[in-house]
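1. everything below, folded, please.
(one chain, ligands or ions: 2)
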Amino acid sequence: MEDRVSEPSLVLVFSGKRKSGKDYVTELIQKRLGSDVCCILRLSGPLKEQYAQEHGLDLDQLMGPGPYKEQYRADMIRWGESRRRQDPGLFCRLASRGAHQPVWVVSDARRLSDLQWFQAEFPQQTQSVRVQSSENTRSQRGWSFTAGVDDAESECGLDSGVEFDWNVINEADAPSLDEQLRPILQLAEEAASSSSVNRN
Ligand SMILES: Nc1ncnc2c1ncn2[C@@H]1O[C@H](COP(=O)(O)OP(=O)(O)OP(=O)(O)O)[C@@H](O)[C@H]1O
Ligand SMILES: C[C@@](O)(CCOP(=O)(O)O)CC(=O)O
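-> Ligands and ions are numbered 1, 2, ... in the order given. The predicted structure is shown next:
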């Protein structure tokens, strides 16, 4: 693996629908664990970087939560799919370049091939996490159904056929995120401390 500094002790692979809160939840995990222990890997990061460069777009806005990226989403999906057809692990590999923390949080798996890549590379360490929110809640966060996006593989590729190790309900009337994330954070802390023992 090019540029990999060290093997992770735990890889948490997150997926969820648009505006389910994948970024929000994964950023909360990183905040709780600290950025020395936990890095966030966005598979869409290298994809958006290259897409922005080729199309002369504003990368910061493409990376953010606002409406800008939605104008380009359908075309970015097509563009990314053509790259993935040539090399299904491309964005997984690029996103994990240089990651050195013991806990990796992959914020945006969308296809079975994304999850399978991490499971194949790190069979002992990989756990899958699904973030769930109702359509009503997602709409309040700015989501509206877009044909060609919300009914395509990018949004539906992990809807069935996967038994997630963890499910997080990101809703106001669900138990607090801190409460739901407690066992995951505990696992991550154990993984991080076993990695520091092994490294010393
Ligand atoms: N539990 C929460 N409390 C408050 N705000 C939230 C919560 N979850 C998500 N949000 C807000 O909802 C919006 C969408 O969340 P986020 O960007 O994390 O979703 P996402 O699944 O990464 O979306 P996408 O990939 O479609 O951009 C953001 O503005 C975020 O701050
Ligand atoms: C193009 C794409 O990477 C956009 C992801 O954007 P975001 O994670 O929703 O901000 C989706 C995809 O890979 O199909």
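2. what does this structure have sitting close to ligand 1?
-> Contact residues, the chain versus ligand 1 (Cβ under 6 Å from any ligand atom): 16, 18-24, 65, 141, 170. Backbone N, C-alpha and C define where each C-beta goes, glycine included.
3. redo that, cut-off 8 Å
-> The chain has residues 16-27, 44, 65, 69, 107-108, 131, 133, 138, 141-143, 170-172, 177 near ligand 1, with proximity defined as Cβ under 8 Å from any ligand atom.
4. Three-state assignment for Ser15, please.
-> At Ser15, secondary structure determined by DSSP: H, G, I helix; E, B strand; the rest coil is strand.
5. residues contacting the residue nearest to the spatial centre of the chain?
-> Nearest to the mean C-alpha position of the chain, by Cα atoms, centre = their mean, lies Ser107 at 1.7 Å. By Cβ atoms under 8 Å, 6 or more residues apart in numbering, the residues touching Ser107 are 14, 22-23, 26, 40-43.
6. go with 6 Å
-> Residues in contact with Ser107 (Cβ atoms under 6 Å, 6 or more residues apart in numbering) are 14, 22-23, 26, 40, 42.
7. about what we covered before: restrict the residues of the chain next to ligand 1 to contacts with ligand 2.
-> 18, 22-23, 44, 65, 69, 107-108.
8. only the buried members of the residues you listed: can you turn that into a ChimeraX selection?
-> Only the buried entries of these go into this ChimeraX selection, using 16 or more other Cβ atoms under 10 Å:
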select :18,22,23,44,69,107,108
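9. report the lowest-confidence entry in the ones next to ligand 2 among the residues of the chain next to ligand 1.
-> Minimum pLDDT across these is recorded for Pro65, with 90.
10. quick one: the strands in this structure?
-> Along the chain, the segments classed as strands by DSSP state E run 10-16, 38-41, 103-106, 126-132, 166-169.
11. do the second one and ligand 2 meet?
-> No. Applying Cβ under 8 Å from any ligand atom, one finds strand 38-41 out of contact with ligand 2, separated by at least 11.6 Å.
12. would you mark the buried spots in the biggest helix by length in the chain?
-> Assignment by DSSP state H gives helix 177-199 as the longest helix of the chain. Buried positions in helix 177-199, judged by neighbour count with 16+ other Cβ under 10 Å: 177, 180-181, 184-185, 187-189, 191-192, 195.
13. what lies in contact with stretch 130-146?
-> With Cβ under 6 Å, 6+ apart, stretch 130-146 has contacts from 15-16, 18-22, 25, 164, 167-171.
14. circling back to that earlier point, and the residues of the chain next to ligand 1, which of them are in helices?
-> Among the residues of the chain next to ligand 1, DSSP H puts 22-27, 44, 69, 138, 177 in helices.
15. could you list the low-confidence segments of the protein?
-> The chain contains residues with pLDDT under 70 at 1-5, 198-200.
16. pull up the residues of it that are close to ligand 2.
-> So the chain meets ligand 2 at 18, 22-23, 42-44, 47-48, 51, 62-63, 65, 69, 73, 76-77, 79-81, 91, 107-108, 110-111, 152-154 (Cβ under 8 Å from any ligand atom).
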